[in-house]
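> need a structure here:
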Amino acid sequence: MNELDHENLSLKAAGAAELVQRIRQWAAEFGFSAVGVADVDLGDAEDGLQAWLEAGCHGEMDYMLRHGMKRARPAELLPGTLRVISARMDYWPQAAPAQQVLADGTRAYVSRYALGRDYHKVLRNRLQKLAERIAEAAPHGYRVFTDSAPILEVELASRNGLGWRGKHTLLLERGLGSWFFLGEILTDLPLPVDDPVAPHCGTCSACLDACPTRAIVAPYRVDARRCISYLTIELKGAIPEDLRPLLGNRIYGCDDCQLVCPWNRFARVTQEPDFAPRHGLDAARLVDLFAWTAADFAERTAGNPIHRIGHERWLRNIAVALGNAPTSAEVVDALRARAEDDSALVREHVAWALARHAGAAAG
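Numbers count the residues shown, from 1 in each chain. Okay, here's the model as predicted:
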């Protein structure tokens with residue numbers, strides 16, 4: 001290689017590095033707290049993914065099995081992909097204190113990420129704008145994703161400096177914790193990659209110890225079949241009876257592993273208004289939510305991630321929570337009002353809940 005070739009390569013590298021800095025600035029303008037750039041080679045993550053799938057830890061999420069190793073091969077999603085730009089957006093809301101809601105068996109606990117507007121819509125829209133802004137400066141082939149494609153987003157983000165994988169499998173950042181969403185832009189631009197950061201969980205096992213159902217079966221490994229988020233969101237049928245008492249008042253998702261994480265003491269309240277609580281979902285009464293009709297549910301969850309589970313599973317989840325609530329005439333009356341519900345799934349969970357209260361009264 002002659003001196004001129006060396007000079008041209010240096011100029012190209014300098015231009016790519018400058019473009020990454022501009023991408024960070026544009027990302028901040030669109031509400032992202034940080035971005036990182038990673039290579040697409042995730043070959044060393046495939047064995048762990050395969051073992052997790054073979055153990056059945058994905059539960060009924062058959063799409064994960066169908067996609068298989070595609071999750072570790074971004075270039076199969078978009079041929080020609082050279083880099084993945086990961087973007088982070090904070091979502092910790094100004095809401096009723098999570099621990100207080102969890103401690104009140106008459107209240108409904110909704111995972112803090114699901115209190116406001118659906119993050120899929122918010123992030124995807126912002127990522128699309130960011131990708132278009134990049135294209136104005138450097139035309140490129142790209143696709144944007146927000147938990148909407150088979151891709152190992154935490155693995156990628158842990159390689160590009162946005163954080164490290166915690167023992168609960170979520171991404172952690174020293175100055176922020178884990179209360180943020182991730183989204184990706186797959187691009188054919190040969191951008192310089194960011195360096196990973198060292199993990200800082202040490203010997204801490206707070207997240208494993210706090211999991212109500214012991215779904216974190218080992219550090220860095222979650223069995224979805226026991227995870228409350230899976231049971232209340234992904235599972236379409238009946239919630240296993242032995243796990244129902246462990247759900248407490250959690251009707252959509254679970255945050256326990258994050259709430260006890262020492263790094264989350266640094267969490268900051270999001271400045272994104274789209275993630276502010278709607279319809280009082282940060283501390284609503286179970287009996288009030290259980291009275292929602294299908295029309296009420298459709299109207300009040302429009303544009304919210306809860307909408308996708310539908311009214312039937314919403315009632316199923318609340319019936320379990322009511323079965324775990326302190327026995328009272330109001331709770332029992334609410335359950336009896338749906339004892340003959342049109343849905344067999346709802347009727348079964350209501351019957352279980354009423355039996356719980358009958359046993360408590362007899363005791």
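> burial count for Asp242?
Asp242 is flanked by 8 other residues according to other CB atoms under 10 Å. Heads up, the C-betas are built off the backbone N, CA and C, glycines and all.
> what do you get for the one 10 residues further on?
A count of neighbours around Tyr252, defined by other CB under 10 Å, yields 26.
> what's the pLDDT at the residue lying closest to Pro245 once chain neighbours are set aside?
Spatial nearest neighbour of Pro245, chain neighbours left out: Asn324 (6.1 Å); criterion: CB to CB, 6 or more residues apart in numbering. The model reports Asn324 with a pLDDT of 98.
> quick one, what contacts Asn324?
By CB atoms under 8 Å, 6 or more residues apart in numbering, the contact list for Asn324 reads Gly105, Arg244, Pro245, Leu247, Gly248, Asn249, Arg356.
> Next, format the residues you listed as JSON lines and append distance to Arg268.
Formatted as JSON lines, the contacts of Asn324 follow (distance: CB to CB, whole Å):
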{"residue": "Gly105", "distance to Arg268": "30"}
{"residue": "Arg244", "distance to Arg268": "35"}
{"residue": "Pro245", "distance to Arg268": "35"}
{"residue": "Leu247", "distance to Arg268": "29"}
{"residue": "Gly248", "distance to Arg268": "27"}
{"residue": "Asn249", "distance to Arg268": "27"}
{"residue": "Arg356", "distance to Arg268": "40"}
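> now Arg107, which residues is it bridged with?
Beta-bridge partners for Arg107, by DSSP bridges, are Arg285.
> before we move on, what SS does Val332 have?
Secondary structure, DSSP: H, G, I helix; E, B strand; the rest coil: Val332 is helix.
> In a helix, Glu312, correct?
Yes. Counting by three-state DSSP, Glu312 falls inside a helix.
> Enumerate every residue touching the residue lying closest to it once chain neighbours are set aside.
Leaving aside its chain neighbours, Glu312 sits nearest to Ser343 (4.9 Å; criterion: CB to CB, 6+ apart). Listed by CB under 8 Å, 6+ apart, the contact partners of Ser343 are Glu312, Leu315, Arg316.
> just Leu123 next, same as before
Counting by CB under 8 Å, 6+ apart, Leu123 has contacts Ala87, Met89, Thr146, Phe181, Gly183.
> Okay, and which of the residues you listed map to strands?
Residues of those located in strands (DSSP state E): Ala87, Met89, Phe181, Gly183.
> Please tell me I have it right and the third one contacts Tyr119.
Yes. Using CB atoms under 8 Å, Phe181 is in contact with Tyr119, at 4.9 Å.
> Overlap in contacts, those two.
In contact with both Phe181 and Tyr119: Met89, Tyr91, Tyr113, Thr146, Asp147, using CB under 8 Å, 6+ apart.
> Buried ones only from these, please, as a ChimeraX command.
Here is the ChimeraX command that selects only those of the shared contacts of Phe181 and Tyr119 that count as buried (16 or more other CB atoms under 10 Å):
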select :89,91,113,146
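> ok, and the closest non-adjacent residue to Lys129?
In space, Lys129 is closest to Phe30, 5.8 Å off (CB to CB, 6+ apart).
> Now the phi/psi pair for the one you found, please.
phi -90, psi 10 (degrees, to the nearest 10).
> what residues are up against it?
Phe30 neighbours (CB under 8 Å, 6+ apart): Arg126, Lys129, Leu130.
> in which helix or strand would I find the second one?
Using DSSP states H and E, Lys129 falls within helix 119-137.
> on that earlier part again, I'd like the contacts of Ser343 as TSV, with neighbour count and distance to Ala238 appended.
As requested, those are exported to TSV (neighbours: other CB atoms under 10 Å; distance: CB to CB, whole Å):
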residue	neighbour count	distance to Ala238
Glu312	17	12
Leu315	25	13
Arg316	27	8
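> which of these lies closest to Ser205?
Ser205 lies nearest to Arg316 out of these, by CB to CB, at 31.9 Å.
> Without its sequence neighbours, what residue ends up closest to that closest one?
Here the residue nearest Arg316, using CB to CB, 6+ apart, is His349, at 5.0 Å.
> Next: Ala34.
Ala34 sits nearest to Arg88 (CB to CB, 6+ apart), 4.7 Å away.
> quick one: the one you found and Phe181 touch, right?
Yes. With contact defined as CB under 8 Å, Arg88 counts as touching Phe181 (7.2 Å).
> how about stretch 97-108: buried residues?
Going by 16+ other CB under 10 Å, stretch 97-108 has these buried residues: Ala98, Val101, Leu102, Asp104, Gly105, Thr106, Arg107, Ala108.
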